[in-house]
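In: Here is a sequence with its predicted model. Questions after.
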Amino acid sequence: MIHKRTGCVLDSDSTIIAHQTNCFKRNDIGFFKKLSERHPLAAKIDELYLLEPEDRLGTYSFSYIPETPLIIFNLYGQYTFGSGRNTDYKELSHALEGMFKHIAHLPYQVKEVLGSIKIGVPSYLGVETPSSWGKIYNLLDFYSREFKLNIHMYDWS
């Protein structure tokens, strides 16, 4: 189930933050820019991710920030970046499914440190094209129900 929240996901008590990004290591635009400023490790993991851009689509990378504690998922659901619709919904679905499976199989020690699983996302995963929002909402809702994990969607503008 999706719960709409006000405020910025970066200021929330989420123990997991997920957002969509492109496959070209561009962490200097949109939500990823804010995220990278607050949590540089998320950008570093994106930089070091071994797959080439053409192989990233539909996958995810993640970083664990033990001080917080927090897990950040970079979901590669768009190949390129720029204006217009860049989201590949099929590939975003693959990335989300992988992320939810990963969360479901977290070691109990990690779950113990996190305290609870609270998944926070920026509005519509950080996608700014309103025409995409319905499809993205439906994907989030589907996986949330499928894995019985709530998603907290925050305003981030």
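Out: That came through, no problem.
In: and the top helix by length along the chain, what other elements does it pack with?
Out: Among the segments of the chain that qualify as a helix by DSSP state H, the longest is helix 89-104. Packing contacts for helix 89-104, counted by 3 or more CB pairs under 8 Å, 6 or more residues apart in numbering; DSSP states H and E, involve strand 16-22, strand 60-65, strand 70-78, helix 133-146. (C-beta placed from N, C-alpha, C; glycine too.)
In: Give the buried residues for it.
Out: 91, 92, 93, 94, 95, 96, 97, 98, 99, 100, 103 (16 or more other CB atoms under 10 Å).
In: and it, how far from the chain's centre?
Out: Averaging C-alpha positions (CA atoms, centre = their mean, to the nearest Å) puts helix 89-104 10 Å from its chain's average.
In: Give me the contacts around the helix or strand following that helix.
Out: Sequence-wise, the next helix or strand downstream of helix 89-104 (DSSP states H and E) is helix 108-114. For helix 108-114, contacts defined as CB atoms under 8 Å, 6 or more residues apart in numbering pick out 15, 16, 64, 66, 69, 71, 106, 117.
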